[in-house]
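Enquirer: one predicted model, sequence on top.
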Amino acid sequence: MPELRIGARVLRADPTEGWTLGRIEGIAGTGEAVRVVIDGTTYVVDQVHAMDPEVERLVARAASGGDLTEVWDYHDSVAHQVLKACFLSGHCTLALGEDMAIVVNPYTTALPGGAVYSADRARRYMAKPLRAPPRDHPYSLAEKALRNLSQGRSSNIIVTGESGAGKTETAKGILEFFGEVSGAHGAARGLHQRVLSAGLLLEVMGSAKTARNDNSSRFGKFMRVQFDGSGFLVGAHITKYLLEKSRIVTASPGERVYHSFYLVVRGERSEYKLERDTTYKSLAAGNMLANKEFDSKEEFEEVWEAMGKLGIEPEETNSIWRTVTGVLNALNVQFQEDGEGSVIKDDSKKYLDLACEFWSIDQETFKTEAITTTVLFGGQWITKVLNPTKANDGLQALVKATYDCEFSWLVEKCNAMLDKGAGGNWIGLLDIFGFEDFEINSFEQICINLANEALQGHYNTFIFSKDMDLCRAEGIDVAAVVFPDNAECLRLVDGKGGVLELLDEECMLGKGTALGWLANIEARHKKNPFFLKKPQARSSFIIKHYAGDVSYEVEGVLDKNRDTLKDSYKKMMRASTDAFIASLLPEPVEGGKP
């Protein structure tokens, strides 16, 4: 690094901009106590980083479509400058070596060089000679994966990043590239359209507006894209992970529940007897009824049409939306105290009746099951009344299970239409929820960040550990090479005696509490370098993830983890006269109440 001297150009830490360029105007002190003055502000030495003129030239080149690895100064501030320049220039993509590409989300398609993902740009990449394809775009990774297929090798493309980074759009762009390649050869155009229709349907049912993103995927997805021996697209298979079930019933301030609930209201179909969006408690939970995407009657009709393209019969399509409508109405049912138990509030009885109508289930059965439960005591089944809190918990468990099972059914339906069981090679495309750190982080963020932590651990193993093993085998000394190992952080969350195991143990206790769970975590892990419990934080703890420290709030986590659905609710739904709805929930476990 160049010497710090008066007049030298440096990058300085900025609380809002990250790092900004400036010139040193004065220097005071020596060693670690040195202070520099830039634009009248004094900085300590670790708040500045001197810029080499050659590095500045490399930064400019990389920001216009080069390779970040060519910038030999690997300080955070330098990488920040490259990414910032990409964003401001509208180029937005650059390479990171041979097998990685970085995309800076431009939040717009109106860019100087055209949209980041488009058919026209895909065709330009396809026209490049195979011996020297450009490396500064996800299309280049897709093109390389196709070249691997021609050599008899399958590949995986991992799309990762924090929440709002643009992962879903990138995954869609890569799929569109595969479709353009097959379309260019006059084959698989119909299959490509079905793949896109499947993506649209799962996006509507499994994505929502969050604080950072108008269209955030709330589930993980691995798609295995199948090709024949000639490299033509012939099929696809989707595996889904961890749909965020709390998003079915509520949303944080400034956020929304799943797009599907708003679209069915916007669709204005009289047969669903829906009222204004403000009527429904779940839709209004985040005080954010409007959204730039998936918020119009036209988009509802587009999704309806996409379901037809996937081979979903009109009767099934109607049942799918009747299920969604039933969830909306059921979530409007409210309870009030009645002695030790509860009753349904008069002004919400109509919503229970509507839920019964759309789910095609018996009203009296639902009314009884909503406010009572049956337990085995002394060898006999005893009916107990539920207080309003427990009645509401049971109702929420029902709608969560129903919607989650419907989502799984849709994934399987997509696979039935797309997966042709073709032999040969394939390209895997992994699109998972990004790392999250919100103002309030709960059970969902623990699960999401664990998935990202595990992915980082996989990366560490295959990029760092295996390369170092290879170096050792070749006699290269790597003793001085250090990389961040997150294995201990993974054990803290998901290992024996970890955060999640302690959560399950607390949930099994009849009187388990959130604070009891927190006390057990602290007692077990207070010396773990990846765990922190601040004395003033009564109901939260911090995990030091690879991507940053995240504070998790424990209140409400036990209820989200329990999420148990009583067998009598399963029997009620399986008795539906709508064959689709009757098939959603699994059969009760053996030994349950007859």
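Expert: That came through, no problem. Numbers count the residues shown, from 1 in each chain.

Enquirer: every contact and neighbour count from this point should use C-alpha atoms.
Expert: Noted.

Enquirer: span of stretch 265-279 from start to end?
Expert: Counting by Cα to Cα, to the nearest Å, you get 11 Å between the two ends of stretch 265-279.

Enquirer: for the chain, give me the ranges with low pLDDT.
Expert: 1-3, 29-34, 45, 63, 109-114, 127-135, 183-189, 421-424, 510, 590-594 (pLDDT under 70).

Enquirer: residue nearest the middle of it, spatially speaking?
Expert: F433 (2.0 Å; Cα atoms, centre = their mean).

Enquirer: any idea which helix or strand carries that residue?
Expert: Using DSSP states H and E, F433 falls within no helix or strand.

Enquirer: how about R124?
Expert: Applying DSSP H and E, one finds R124 within helix 119-126.

Enquirer: what helices or strands is that helix leaning on?
Expert: helix 138-150, helix 167-184 (3 or more Cα pairs under 8 Å, 6 or more residues apart in numbering; DSSP states H and E).

Enquirer: counting contacts, what elements does the longest helix along the chain pack onto?
Expert: Secondary structure assigned by DSSP state H gives helix 388-418 as the longest helix of the chain. Helix 388-418 is packed against helix 189-206, strand 233-241, helix 246-249, helix 314-330, strand 335-338, strand 341-344, helix 363-371, with contacts defined by 3+ Cα pairs under 8 Å, 6+ apart.

Enquirer: report the buried residues of the fifth one.
Expert: Which is strand 335-338. F335 (16 or more other Cα atoms under 10 Å).

Enquirer: what lines up beside it in the sheet?
Expert: strand 341-344 (antiparallel) (DSSP bridges).

Enquirer: tabulate the CA atom coordinates of the strand it pairs with in PDB.
Expert: Written as PDB, here are the backbone C-alpha positions of strand 341-344 (Å, rounded to 0.1, in the frame of the first residue of the first chain):
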ATOM      1  CA  GLY A 341     -62.800 -21.100  27.100                       C
ATOM      2  CA  SER A 342     -63.700 -18.900  24.200                       C
ATOM      3  CA  VAL A 343     -66.400 -18.200  21.600                       C
ATOM      4  CA  ILE A 344     -66.300 -16.800  18.100                       C
END
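
Enquirer: still on that earlier bit, following the longest helix of the chain, which helix or strand shows up next?
Expert: strand 426-431.

Enquirer: list the buried residues for the helix holding R124?
Expert: Quick answer for helix 119-126 (16+ other Cα under 10 Å): 121-122, 125-126.

Enquirer: tally of neighbours for the residue lying closest to A575 once chain neighbours are set aside?
Expert: The shortest distance from A575 to any residue other than its chain neighbours is 6.0 Å, reached at A582 (Cα to Cα, 6 or more residues apart in numbering). Residues near A582, counting by other Cα atoms under 10 Å, number 19.

Enquirer: quick check: phi and psi on A582?
Expert: Per-residue torsions, A582: phi -60, psi -20 (degrees, to the nearest 10).

Enquirer: hmm, it is touching S576, no?
Expert: Yes. At 5.0 Å, A582 and S576 qualify as touching, with contact defined as Cα atoms under 8 Å.

Enquirer: quickly list what N441 is bridged to.
Expert: The partner residues for N441, given DSSP bridges, come to Y552.

Enquirer: against F433, how distant is it?
Expert: N441 is 15 Å from F433, by Cα to Cα.

Enquirer: E293: what's it in contact with?
Expert: By Cα atoms under 8 Å, 6 or more residues apart in numbering, the contact set of E293 is 214-215.

Enquirer: secondary structure class for it?
Expert: coil (DSSP: H, G, I helix; E, B strand; the rest coil).

Enquirer: separation between it and T170?
Expert: Relative to T170, and taking Cα to Cα, E293 is found at 17 Å.

Enquirer: and if you look at I24?
Expert: 41 Å.

Enquirer: got it, and L21?
Expert: In terms of Cα to Cα, L21 sits 31 Å off from T170.

Enquirer: between these two, tell me which one has more neighbours.
Expert: Using other Cα under 10 Å, the more surrounded residue of L21 and T170 is T170, with 21 against 17.

Enquirer: OK, contacts around the nearest residue to A454 once chain neighbours are set aside?
Expert: Closest residue to A454 apart from its sequence neighbours, by Cα to Cα, 6+ apart: L490 at 6.8 Å. By Cα under 8 Å, 6+ apart, the residues touching L490 are 450, 453-454.

Enquirer: give me the phi and psi for L490.
Expert: Torsion angles, degrees, to the nearest 10, at L490: phi -60, psi -40.

Enquirer: near A416, how many other residues are there?
Expert: 15.

Enquirer: which strand runs longest in this structure?
Expert: Taking DSSP state E as the criterion, the chain has its longest strand at strand 18-28.

Enquirer: give me the distance between it and the centre of its chain.
Expert: 39 Å (Cα atoms, centre = their mean, to the nearest Å).

Enquirer: strands paired with the helix or strand that that strand is followed by, and their directions?
Expert: Remark: after strand 18-28, the chain's next helix or strand is strand 35-38, criterion DSSP H and E. Strand 35-38 has the following sheet partners, assigned by DSSP bridges: strand 18-28 (antiparallel), strand 41-44 (antiparallel).

Enquirer: show me which positions of the first one end up buried.
Expert: Judged by neighbour count (16+ other Cα under 10 Å), strand 18-28 contains these buried residues: 19, 21-27.

Enquirer: who touches that strand?
Expert: By Cα under 8 Å, 6+ apart, strand 18-28 touches 4-14, 34-40, 77, 80-81.

Enquirer: residues touching the residue nearest to the centre of the chain, list them.
Expert: 160, 162-163, 216-220, 448, 452.

Enquirer: returning to that earlier point: how far is the longest helix of the chain from where the chain is centred?
Expert: The answer for helix 388-418 is 18 Å, by Cα atoms, centre = their mean.

Enquirer: what angle separates that helix from strand 233-241?
Expert: 170 degrees (axes from the mean of the first three to the mean of the last three Cα atoms, to 10 degrees).

Enquirer: in helix 388-418, what counts as buried?
Expert: 388, 390-415, 417-418.

Enquirer: re the thing from before, in strands only, show me the contacts of strand 18-28.
Expert: Checked against DSSP E, those include these in strands: 9-14, 35-38.

Enquirer: for K544, what are phi and psi?
Expert: Dihedral angles (degrees, to the nearest 10) for K544: phi -90, psi 90.

Enquirer: my read: it touches V550, true?
Expert: Yes. Counting by Cα under 8 Å, K544 touches V550, with 6.5 Å between them.

Enquirer: ok, these two, which is more surrounded?
Expert: Neighbour tally, K544 and V550, criterion other Cα under 10 Å: the higher count belongs to V550, 21 against 15.

Enquirer: give me the neighbour count for V264.
Expert: 24.

Enquirer: likewise for G235?
Expert: 23.

Enquirer: is it correct that it is in contact with D228?
Expert: No. G235 is beyond contact range of D228, at 9.0 Å (criterion: Cα under 8 Å).
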